[in-house]
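Engineer: got a predicted structure here, sequence first:
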Amino acid sequence: MAYMQYGKNVLRRGSNEMLHHPLFYAAQGVRYRKLEVILTTTIDKLGKAGETVKVAPGHFRNHLMPKLLAGPNIEKFAHLIRDQGKGSIYQPKEVEEVKVVTKTEENSMKEHQVAANRLANAKLSIRRFIIEGNGTEVRDPVTKEEILSEVSRQLQVNIEPENLHLPAPLSALGEYKVPLRLPKSLPKPAGNEWILNVKIRKR
C-alpha cells in the first residue's frame with residue numbers, strides 16, 4: 001500500500017514539473033512567433049513605407065509578399081528601399097487635378113447664337129406614309145417629340161421641348177414654319193421671329 005501511494009506521488013510530481021517546465025511553453029510560442037518585415041508601401045493600421053513591423057508569417061506569406069507590399073527584414077531589401085529616396089518602391093500615381101472651367105455668360109450666348117442660326121437656316125425633312133385616298137394626310141402625325149429627335153439627329157443641336165412651339169401634331173404633307181422660343185437676349189434674325197422650317201415628304 002505504501003508503494004502505491006509513493007508511486008502516485010511520483011507521477012503527480014512528474015506531471016506538475018512537466019506542466020510548469022519552461023520548454024513546454026517555449027514550444028507553444030513557436031507557433032505564434034511573428035516576422036519582422038519592411039513595408040514597401042504605406043498600409044493602414046500597419047505602418048508607413050520603409051518602416052520595419054512585425055506580422056504573422058501567414059499574413060506575410062499569403063498577402064504582403066505576393067502583392068509586393070513588404071519584403072523580409074534583411075539588409076538587401078532595406079538597402080533597396082533606402083535607394084528609392086522616398087522610401088516606397090511603388091509610388092502611388094499622382095492624382096491629376098481637374099480644373100472645372102465655368103462657362104461665362106458670353107460663351108453661353110455665343111453657343112446659343114450659333115445653335116439658333118443653324119436652326120433658322122436649316123430645313124428639317126421628315127418622311128411619312130400617306131393614307132390612301134386622302135391626298136396629303138399622313139398615317140402617323142409628326143409630334144413635337146419626333147421633331148426634337150430629328151433636330152438632334154439631322155442638325156446636331158439639342159433643344160428642350162419648351163423651346164419648340166407646336167400646339168398640335170403635323171398631320172399632312174407640306175412645309176411648315178414652327179416657331180422657336182429662344183432666350184430673349186438673342187438678337188432676332190432681321191427683326192423676325194426664330195423659325196424652324198420643317199418639310200414633311202411622302203415616303
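Structural biologist: Cool, the structure landed.

Engineer: average pLDDT for stretch 162-176?
Structural biologist: For stretch 162-176, mean pLDDT rounds to 87.

Engineer: same question but for stretch 70-83, I mixed them up
Structural biologist: Stretch 70-83 comes out at a mean pLDDT of 73.

Engineer: A116: how many residues sit nearby?
Structural biologist: 21 (other CB atoms under 10 Å). Backbone N, C-alpha and C define where each C-beta goes, glycine included.

Engineer: same check, this time on I147
Structural biologist: Other residues lying near I147 total 22 when counted by other CB under 10 Å.

Engineer: quick one: mean pLDDT for the helix or strand it falls within?
Structural biologist: Using DSSP states H and E, I147 falls within helix 144-155. Mean pLDDT, computed over helix 144-155, is 86.

Engineer: which secondary structure elements does the helix or strand following that helix sit against?
Structural biologist: Downstream of helix 144-155, the first helix or strand assigned by DSSP H and E is strand 170-172. Judged by 3 or more CB pairs under 8 Å, 6 or more residues apart in numbering; DSSP states H and E, strand 170-172 is in contact with strand 137-142, strand 195-202.

Engineer: ok, how many other residues are close to N158?
Structural biologist: Other residues near N158 come to 10 when the count uses other CB under 10 Å.

Engineer: and for stretch 59-69, what's in contact with it?
Structural biologist: With CB atoms under 8 Å, 6 or more residues apart in numbering as the test, stretch 59-69 has contacts from L35, V37, L39, T40, T41, I43, V55, A70, G71, I89, Y90.

Engineer: which of those residues are buried? Put it as a PyMOL command.
Structural biologist: In PyMOL syntax, the buried subset of those is picked out as below (16 or more other CB atoms under 10 Å):
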select buried, resi 35+37+39+40+41+43+55+70+71+89
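
Engineer: now flag whichever of the contacts of stretch 59-69 is closest to S185.
Structural biologist: Taking CB to CB as the measure, S185 lies nearest Y90 of those, at 54.5 Å.

Engineer: hmm, N73 is touching T52, no?
Structural biologist: Yes: in this structure, N73 is within contact of T52 by CB atoms under 8 Å, at 5.5 Å.

Engineer: how far away is A122 from P167?
Structural biologist: 22 Å (CB to CB, to the nearest Å).

Engineer: looking at these two, which one has more neighbours?
Structural biologist: Shown here are A122 and P167; by other CB under 10 Å, A122 has more neighbours (15 against 6).

Engineer: doesn't K199 make contact with the more buried one?
Structural biologist: No: shown here, A122 and K199 do not form a contact pair, counting by CB under 8 Å, at 10.7 Å.

Engineer: confirm that H79 sits in a helix.
Structural biologist: Yes: looking at H79 with DSSP: H, G, I helix; E, B strand; the rest coil, it is inside a helix.
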